[in-house]
Every structure is written in C-alpha cells, then in structure tokens.
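Colleague: need coordinates for the following:
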Amino acid sequence: MVDHAGAMADRVWRRYDRKQRLTRYAALLITVMVVYWAVRDIDIFWPWVWDAPNQISNLGARMWPPDPSRLAAITNALLETVHIATLATALTIFIALPVSYIAAQNTTPNRACLWLGRFILVSSRSVNTIIWALLFVAIFGPGVLAGILAIMFRSVGFIGKLMGEAIEEIDRRPVEAMEATGASKAKVIAYAIVPQVMPAFFAIVILRWDINIRESTVLGLVGAGGIGVILQGAIDTFAWPTVATILIAIIVLVLIGEAVTGLLRRKVL
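Modeller: A predicted model of the protein is given here:
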C-alpha cells in the first residue's frame, strides 16, 4: 500500500510531454530570431524613438487649442468624404455580386469562371486603397472620381469574397427542389439563393460602408478628394490648430458612422 502511494506521488501531471515542450521552445526561439532579424534590418534610428515622447508633447502643445475658423470648409469636406464612401459602396454591389456568384463553388458555371472570379477578388484585396487611389489619380487626375474608383476597386474583393462564402454555405435543398420542377436559372437564383443570402448581404454591405468611410478620410492625402485634402494642406503649412480641428472632425464622423451602422444592423437584421 505504501509502495503504491509512493509510485502515485512520483507521477507528476504535465500539460505537455517532452517532445511537445521541445517543439514549443523551438517555435519560440525561431519567432524571437525572426523578430530580431526584422528589427535589425529595418534600420530604426533609435534616438528618434527615445525622443518620441518629447516630440508628441511638443506637437500636442502646438495643436492646442483647435482652430474652428475653417469649420465650414471642413464640414463640406466631411460630407464629400461620406459621398465618396456611399457612392463607392453602391457601385461595388453591381460588380461584387456577379463576381461572388461565379467565385462560389456551388454556383459557378465552370472551372474557368471559378478561377476568373477568384482572381478578381484576390487582385482587388491585394492592392491597398491608397495604391488604387494613386493609380486613378494618375489616370483621371486629382479629384473625387479617383477616390470613388479607388474605394470601389478595393471593396469588390471584400464584398465579393464574403458573399461568395455565404453562397457556398446555403442550403442546397431549395435549389435542388426548384431545379427538379424545371425552374430557370434566373428563378433558382431569385427564389432559392437570394433569400438565403440576403441577411449576410445587408450585414456585409453595412460593414463595408463603415470601413469605406474610414478609408475615405485619407484619400485626400494623395489627391483623391475628401477631408484628406484639407488635412494635407494644413500639415504642409504647419497649421497645427487646424490639423487638430480636422482630426476631431474625423473622429466625430467615424463615431457617427459607427452609430448609423449599428442602427442599420438592428433595423435591417
């Protein structure tokens, strides 16, 4: 009896065995080495890093108090920013929905269309909004049109991918039932697929509109319209109190957008 108790006492429970512990230590060591390699190669000028708190304090002092003298122009620019996001989101729907249909495995006509749809979605998501904006500013010149197209091209990949996944997760029984009755492809889409993905569609579009408002605030930094144009001008002329006013206005806009999207989700979903 004593020997049995002693044997039980010698058996200590461990969450990981020897092999698992060695694997975890090796993964941690590799992670530390990769982080060190990255930090070493990006050539950070550390004196500036240590001086950052002083610079932040100095900049904050120059920005306070905010200057409301250009509030009317800032408000108009904010409205332009909202228009860019709204128009871009609306236009995206007409491109993203057909692409999501051919990019879903259970609705695509053939493999060629499947890979074409996925290529479009990956291409859209691979290029940042600012890069799209730079491209369209070079093509169409500075202005709102370049901003709308930049937001739209970026949003196609987001909405198209999520809608494609929603289509792939539908219940196939209504589709098969309608196909068995000889319904046309259009009727199958309208009455068997669309009703199942409508909640996901509204949720995705509302979310993307909220994201687009945030992204539209920086488009003006590259000449693509919106509040970013005034912000860049204020920074270039060292008008820091005006910069503070613009930043406060952007925060207020984002909060309003968050409140609106929350209300829309409750009403629609």
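Colleague: for the rest of this, base every contact and every neighbour count on C-alpha atoms.
Modeller: OK.
Colleague: ranges for the strands of this protein?
Modeller: Assigned by DSSP state E, the strands in the chain number zero.
Colleague: any weak-confidence spans in it?
Modeller: 1-13, 269 (pLDDT under 70).
Colleague: can you tell me which helix in it is longest?
Modeller: helix 71-103 (DSSP state H).
Colleague: list the buried residues of that one.
Modeller: 74-75, 77-78, 80-86, 88-89, 91-93, 95-97, 99-103 (16 or more other C-alpha atoms under 10 Å).
Colleague: by contact count, what packs against it?
Modeller: helix 111-126, helix 144-168, helix 194-216, helix 227-236, helix 240-268 (3 or more C-alpha pairs under 8 Å, 6 or more residues apart in numbering; DSSP states H and E).
Colleague: which of these is buried the deepest?
Modeller: helix 144-168 (a mean of 24; mean count of other C-alpha atoms under 10 Å).
Colleague: centre of the chain to it, how far?
Modeller: Distance, stretch centre to chain centre, for helix 144-168: 10 Å (C-alpha atoms, centre = their mean, to the nearest Å).
Colleague: that one to helix 111-126, inter-axis angle?
Modeller: 130 degrees (axes from the mean of the first three to the mean of the last three C-alpha atoms, to 10 degrees).
Colleague: quick check: angle from helix 144-168 to helix 194-216?
Modeller: Using the same axes, to 10 degrees: helix 144-168 against helix 194-216 is 150 degrees.
Colleague: what angle do helix 144-168 and helix 71-103 make?
Modeller: Using the same axes, to 10 degrees: helix 144-168 against helix 71-103 is 40 degrees.
Colleague: and helix 144-168, what does it pack against?
Modeller: helix 71-103, helix 111-126, helix 129-140, helix 194-216.
Colleague: quick one, which of these is nearest to Arg24?
Modeller: Smallest distance to Arg24 across the helices and strands packed on helix 144-168 (C-alpha to C-alpha): 32.2 Å, for helix 111-126.
Colleague: and stretch 213-220, C-alpha only, in PDB?
Modeller: The C-alpha trace of stretch 213-220 is given here as PDB (Å, rounded to 0.1, in the frame of the first residue of the first chain):
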ATOM      1  CA  ILE A 213     -15.900  56.000 -44.500                       C
ATOM      2  CA  ARG A 214     -12.700  55.400 -42.600                       C
ATOM      3  CA  GLU A 215     -10.700  54.800 -45.700                       C
ATOM      4  CA  SER A 216     -12.100  57.800 -47.500                       C
ATOM      5  CA  THR A 217     -10.700  60.100 -44.800                       C
ATOM      6  CA  VAL A 218      -7.100  59.500 -46.000                       C
ATOM      7  CA  LEU A 219      -7.700  59.500 -49.800                       C
ATOM      8  CA  GLY A 220      -7.100  63.300 -50.000                       C
END
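Colleague: circling back: distance to Val175 added to the helices and strands packed on helix 71-103, as CSV?
Modeller: Converted to CSV, these look like this (distance: least, C-alpha to C-alpha, whole Å):
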stretch, distance to Val175
helix 111-126, 19
helix 144-168, 12
helix 194-216, 11
helix 227-236, 47
helix 240-268, 25
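Colleague: relative to Pro174, which of those is closest?
Modeller: So among these, helix 194-216 is nearest, using C-alpha to C-alpha, at 9.7 Å.
Colleague: and the closest one, what does it pack against?
Modeller: helix 71-103, helix 144-168, helix 240-268.
Colleague: now tabulate the ones you listed in TSV and tack on distance to Gly182.
Modeller: Converted to TSV, these look like this (distance: least, C-alpha to C-alpha, whole Å):
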stretch	distance to Gly182
helix 71-103	21
helix 144-168	21
helix 240-268	33
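Colleague: which one of these lies closest to Ile213?
Modeller: Nearest of these (C-alpha to C-alpha): helix 71-103, 5.2 Å.
Colleague: got the angle for the closest one vs helix 240-268?
Modeller: Using the same axes, to 10 degrees, helix 71-103 lies at 40 degrees relative to helix 240-268.
Colleague: about what we covered before: so which of the helices and strands packed on helix 71-103 is nearest Ala27?
Modeller: helix 111-126 (28.5 Å).
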